[in-house]
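Q: Here is a sequence with its predicted model. Questions after.
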Amino acid sequence: MQNKKKLSLYIPQPEQRPGDIPDFSKIVIPPPGNVPRPDSAVAAHDIRDIAFKLIRVLDNDGKAVGPWNPRLDPETLKRGLRLMMLTRAYDDRMYRAQRQGKTSFYMKCTGEEAVSIAPALALDPGDMCFPSYRQQGLLLTRGYPMVDMMCQVYSNVRDPLKGRQLPIMYSSKAHGFFTISGNLGTQFSQAVGWAMASAYKGDDRIAATWIGEGTTAEGDFHQGLNFASVYRAPVILNVVNNQWAISSFQGIAGGEQATFAARGIGYGVPGLRVDGNDFLAVFAVTQWAAERARNNLGATLIEHYTYRAEGHSTSDDPSRYRPMDEAKNWPLGDPIVRLKTHLIAIGAWSEAEHEKQQKDVIEDVRAANKEAESYGTLGTNPPSVKTMFEDVYKEMPWHLRRQRQELGV
Amino acid sequence: MQNKKKLSLYIPQPEQRPGDIPDFSKIVIPPPGNVPRPDSAVAAHDIRDIAFKLIRVLDNDGKAVGPWNPRLDPETLKRGLRLMMLTRAYDDRMYRAQRQGKTSFYMKCTGEEAVSIAPALALDPGDMCFPSYRQQGLLLTRGYPMVDMMCQVYSNVRDPLKGRQLPIMYSSKAHGFFTISGNLGTQFSQAVGWAMASAYKGDDRIAATWIGEGTTAEGDFHQGLNFASVYRAPVILNVVNNQWAISSFQGIAGGEQATFAARGIGYGVPGLRVDGNDFLAVFAVTQWAAERARNNLGATLIEHYTYRAEGHSTSDDPSRYRPMDEAKNWPLGDPIVRLKTHLIAIGAWSEAEHEKQQKDVIEDVRAANKEAESYGTLGTNPPSVKTMFEDVYKEMPWHLRRQRQELGV
Amino acid sequence: MATMNMIQAINSAMAVMLERDPNVLVFGEDVGYFGGVFRATEGLQKKFGITRCFDTPIGEGGIIAAAIGMGAYGLRPVVEIQFADYIYPGYDQIVSEAARLRYRSAGDFWCPITVRTPYGGGIFGGQTHSQSPEALFTHVAGIKTVIPSTPYDAKGLLISAIEDEDPVIFLEPKRIYNGPFDGHHERPVSPWAQHPASEVPEGYYTVPLGKAAIAREGSDLTVLAYGTMVHVALAAAADAGVDAEVIDLRTMLPLDIDAIVKSVEKTGRCVIVHEATRTSGFGAELTALVQEYCFYHLEAPIERVAGWDTPYPHAFEWQYFPGPGRVADAMRRAMGK
Amino acid sequence: MATMNMIQAINSAMAVMLERDPNVLVFGEDVGYFGGVFRATEGLQKKFGITRCFDTPIGEGGIIAAAIGMGAYGLRPVVEIQFADYIYPGYDQIVSEAARLRYRSAGDFWCPITVRTPYGGGIFGGQTHSQSPEALFTHVAGIKTVIPSTPYDAKGLLISAIEDEDPVIFLEPKRIYNGPFDGHHERPVSPWAQHPASEVPEGYYTVPLGKAAIAREGSDLTVLAYGTMVHVALAAAADAGVDAEVIDLRTMLPLDIDAIVKSVEKTGRCVIVHEATRTSGFGAELTALVQEYCFYHLEAPIERVAGWDTPYPHAFEWQYFPGPGRVADAMRRAMGK
Ligand SMILES: Cc1ncc(C[n+]2csc(CCOP(=O)(O)OP(=O)(O)O)c2C)c(N)n1
Ligand SMILES: Cc1ncc(C[n+]2csc(CCOP(=O)(O)OP(=O)(O)O)c2C)c(N)n1
Ligand SMILES: [Mg+2]
Ligand SMILES: [Mg+2]
């Protein structure tokens, strides 16, 4: 071959950077209701295209349209709305607590409330969740006490995790909420193992897991998908594509070339892509995937297309890498506003009720926080230091006993 | 949800086991020539379907048909034929050498000769190969001395790798052949890094890598695909689906649910699926992928559908886990026989020439082996023990100098 | 009682546990129908069914992650990593996850998994079928590390490992699967059948984790060893004519410090032997502990005999392997001879 | 000369090398436009262009594999792993590949890569932002492990690492990025500007790998430390009123054994300090070496002060951290007080 071209290295870059005007016009938002809903027993290879579409139910007027409409009763919808509002209020309070020096770190899920709360309502209570750090909504939905969450965040004497974990790394077996790892992605493949165990035992509980779109780049994503495919594990594999992984836009994770839902195709796992800010749509796809899993038809990969409305964490300042008001321009809106609009549209809700509820959830959070703070915040009233040496093993081995003695506790 | 079903765990199993009659009737073999050949600059998303087809050129009568026919001149074809025959003869001789106790280990590529030799002819000499352990054909095609290969296998004083590597783990930078790793899959993602480097430097050399279908389960497969997708790296990603990974059939690697070529779809990387025993087809797809890479359009994933005709290695006995004569029934035949038939069909070859060439390659191997053995076989005439401490680092640090002294060499 | 080699004993341990406990299951690359490349799982799939002993994709990270998820569910998975050299793709799941579940969840979750994997050299496996990575696990709080040296111990320790509530890395010295190789590679290896520890009960029994065994009593010096090296140390003691007390550690972590201290206090001299590369090997920790606990009893520097700080080279198997010659030299040095 | 904190010095090292050598490139998670979560690569993309300093997918295995492939091509990639706690998904590529290319190819291939990663605790990062994994690298033949303790050394060592022909793991003690924290967490930390080693040349210079520095001369006992612990040891010596000779190892491997032996032969006493968990930590190897090389000079057991054998707990940061109190106690014990 003569006169070969010079190669050049391509580096993906986001459309806008600080100083630019947010512009999402390149994102094609299909109208709601236009994606057919196959039977949940469909063969994966018959629905490959769905991975490139966007399942939406709520239209701009707040009407629920199309085959994916889960036809939920207003009570469930109102419950969802309240939980999303509660979660957001909780996040706001804890964020402030960190700014006040009451803890070291916090992470919000603002704008992404639907991707944990709708699934939590669609799943059965016995189903096991393997979340990332941005699914606090699961815990609140499943009735985990907010005070306990706060005590964890404050690493105080009532912290159920005895001060051992970074704030927000909750754990509650009783609520089917797997202990959060600081190491990204590890839960994804573990969830598949849990689901395999459930299948092995002839149990009827399924598993669900959540991973950020950035984290799909980890090997665990591939391990999880592959094991789920090979053993047809009863598991729902959620990818939360909130467009950002700290400062890296989703193109750095491979999002420029294909959708994340499409990753399922090569494994023969159905890939659904859903408007993650559409509570009804998220509920519907979860239901579909759960039905499939319960019928021993294996895993579903769901890409939740959403937007991380705030910084990555309290350690982050998103204005350093993206336009200031990008979140406000996100074309799929806000999940709370959209569900509220829907409830009002169907006559089950009003602005007044909404305003009252907003006050209520803030009051709930305030009360919980008051109690939690009464048990201490980071550095004041911690758990007993002795406990530092416990739970490394079931029984404490001699060397840890001696180390505890050395510390004199 | 009431009355939920009991889940059950699915474990893939091959169609036949020892004692069964080999039966490949479930494998659908499409006729040659029926897959369109898009321009190599096509958008990946426009050719998703190709990943589920099978690109074939040679028909049962040895005619080359269809758009993927690379229209090679007879000289190139004859060169390919000779190299495949030479590789097979080499494998046979080395296998015997192991059985004779002259070395510890050997691995053949019988039945898979085309998947390394056709690409080696389609690539440019400067292109860099990151093979697995079953692409000895690359070295022979690129003119690496067979005697050196044998000396490596014998770990003798002339072993270019100084007795350090297990037999067959060759390395030759001069021949664009990356040092083979015993750890499966690691080369796949490294190849992408090499290709990125070439692009970064404005070089015109591309990379190619080979991985077994079993090994696609490693995280490195995902890392390689993902980095290749994100940075549009000029690399050809070959998956050699020879149906077996030691004793595990390809269903254990995920092959029951989708093709391995389809793994590309989720990354926006074109996935081609080719009859790996069809020398012309393998040449053609490599050419296509190389052209694409050279035009800065990024990576291609190629699944070579072939069959591991013999045991995994000299340590393996395939009759323990698959029917005895399964290889003979492989519906896509043998790459050597098929290319021979083609050459005869086009009047460029004859049975007599073939027989003579068969004798010639055996004689070439015999002569090379005679020379190699004259330098020693495993345990007789090894390299100097001193060298054991060299090349751990560029400069030998004090602790290795002292250890060498301690050994007294 | 039956006569078993180490592979048979390991197979028997899994069979016993599969029989006793429906929560035990066994999986890994090629372990199902085929029975594993070293035949450790031979017959288990046939006997217990395909969901209790099965093949996995070649993804050590996935294997261990799946085991962790199953462990969190309540099962006791026993996984095989085909060679210890291939455990690294699963290292993150072991170190960051299995080891920490219990701690980070304050006892809410844990995973009682057992990771079996053949390790060590001496079979001409070259640099990627010969490694001894035990020190990469002993540094990690939350996991236990076990290495047997006889069929009897292998079965008893493996059953203990499977029943243990913590994750256990169970390293199998593949060089002694078939016989108690003592490092004299120039001599024929006797089969296990001639060794008393090949008498293995067919049913259930345990050898406790965390307890060393005295492989040979002696008064001249203490040898700390495990796996294949126990047999090498015994041979070296005979060769050197030293009345060595050879301690077979059996569990690296938690370590039987009392047995070590008692012996070194008695002998005043200590030789530590392992096959892993020397620098930052487990011998370093043993040396540190012995000098910390027995400083005033030590009459000579503690000697370490270990693999060189190089990869394990195919052609120089016996120059790399810390054989009886090198161990005997160290014993003589420790004795001031 | 400029005054730099450690982050600025590290940034400057990369800038100097990007300027000097077109084969140097820098990548990792968030290191491009954003400049890294600790700002170590701030401004580099802007100054040198997007192909020379760029973001990567969150796949440490892929990052290191890509670096290895680039290294084999002939580049000198410098990669950042966001926290040392997240290096494990890339551990296989480091241990099985980067460390072995040269050896297994008999010098035909190698990869001169530098893996930078912040390590250590003291920032309330909890168990997955506080680890000190150096011993997991010192056990692996074929890689070098470096830890600076001052801005001057950080820049000079990092340039040496980038220029080195072998793979280097460059661990950055994140607790002292901004100032020489001495473990007295109850006191305000002085900024680097008040420390002489914050005087850093703006251009090119090197500090050689494999050479320790004497952070403080003394005659009572020898302290072996690195990273943050150098400053803790200095504070502890002052607190304990001990005339300690504090050796800043700077490179763990290859180690400056001569500096160690010389000092311990002089003082006869030795305290080893690190933040990593104690068992099988690098302190074990140091203890072993000191007792092997200086046995007859030792007047007291070598003391190890280290992190406890638990994960690093969020709330007990200062009970876990081996601070000046614990180090001073060990000094007193070593002095027989
Ligand atoms: C193995 C590992 N690598 C890197 C990190 C550091 N890190 C924490 S969060 C994060 C970004 C994750 O982005 P994404 O997966 O998209 O989730 P999101 O934060 O958007 O919910 C990174 C790189 C980590 N925690 N673990
Ligand atoms: C990381 C790793 N895990 C396991 C092995 C053991 N092993 C060697 S070859 C092999 C099978 C590979 O099968 P495949 O990828 O299909 O390649 P093939 O042998 O068929 O060419 C296995 C499991 C290894 N070498 N490395
Ligand atoms: Mg994200
Ligand atoms: Mg194969």
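A: Ah, there it is. Ligands and ions are numbered 1, 2, ... in the order given.

Q: tally of neighbours for the residue of the stretch 301-409 of chain A found nearest ligand 2?
A: Going by CB to the nearest ligand atom, ligand 2 is nearest to A:Leu301 of the stretch 301-409 of chain A, at 24.2 Å. (Each C-beta comes from the backbone N, C-alpha and C, glycine too.) A count of neighbours around A:Leu301, defined by other CB atoms under 10 Å in any protein chain shown, yields 31.

Q: Mind checking the pLDDT average for the one helix or strand it maps to?
A: A:Leu301 belongs to strand A:300-305 when assigned by DSSP states H and E. Mean pLDDT, computed over strand A:300-305, is 98.

Q: quick one on the thing from earlier: now do the closest residue to the residue of the stretch 301-409 of chain A closest to ligand 2 other than its chain neighbours, the pLDDT please.
A: Leaving aside its sequence neighbours, A:Leu301 sits nearest to A:Gly264 (CB to CB, 6 or more residues apart in numbering or on different chains; 3.7 Å). pLDDT for A:Gly264: 98.

Q: Tell me who's in contact with A:Gly264.
A: Contacts for A:Gly264 (CB atoms under 8 Å, 6 or more residues apart in numbering or on different chains) come out as A:44, A:51, A:225, A:237, A:270-271, A:300-301, B:266.

Q: out of these, what pair is the most spread apart?
A: Within those, two members stand farthest from each other by CB to CB: A:Thr300 and B:Gly266, at 14.3 Å.

Q: Let's see the pLDDT reported for A:Asp325.
A: At A:Asp325, pLDDT is 88.

Q: likewise A:Met1?
A: A:Met1 is given a pLDDT of 48.

Q: Can you get me a residue count around the residue of chain A found nearest ligand 3?
A: Across chain A, no residue is closer to ligand 3 than A:Gly212, which sits at 3.9 Å (CB to the ion). When neighbours are defined as other CB under 10 Å, A:Gly212 has 27 of them.

Q: Surely C:Glu265 and C:Leu298 touch.
A: No - using CB atoms under 8 Å, C:Glu265 makes no contact with C:Leu298, being 9.6 Å away.

Q: chain center to the strand holding A:Leu301: distance?
A: Strand A:300-305 has its C-alpha centroid displaced from the chain centroid by 11 Å (CA atoms, centre = their mean, to the nearest Å).

Q: which residues do C:Glu265 and C:Leu298 both contact?
A: With CB under 8 Å, 6+ apart, C:Glu265 and C:Leu298 have no common neighbours.

Q: Looking at the two, which has the bigger crowd around it?
A: C:Leu298 (21 against 14).

Q: That one contacts C:Gly268, correct?
A: Yes - here C:Leu298 reaches C:Gly268: they are 6.2 Å apart, a contact under CB under 8 Å.

Q: circling back to that earlier point, export the strand holding A:Leu301 as CSV, just CAs?
A: What follows is strand A:300-305, C-alpha atoms only, in CSV (Å, rounded to 0.1, in the frame of the first residue of the first chain):
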residue,chain,number,x,y,z
THR,A,300,-32.7,-7.0,30.9
LEU,A,301,-30.4,-4.0,30.4
ILE,A,302,-32.0,-0.7,30.9
GLU,A,303,-30.4,2.6,30.1
HIS,A,304,-32.0,5.5,32.0
TYR,A,305,-31.5,8.6,30.0
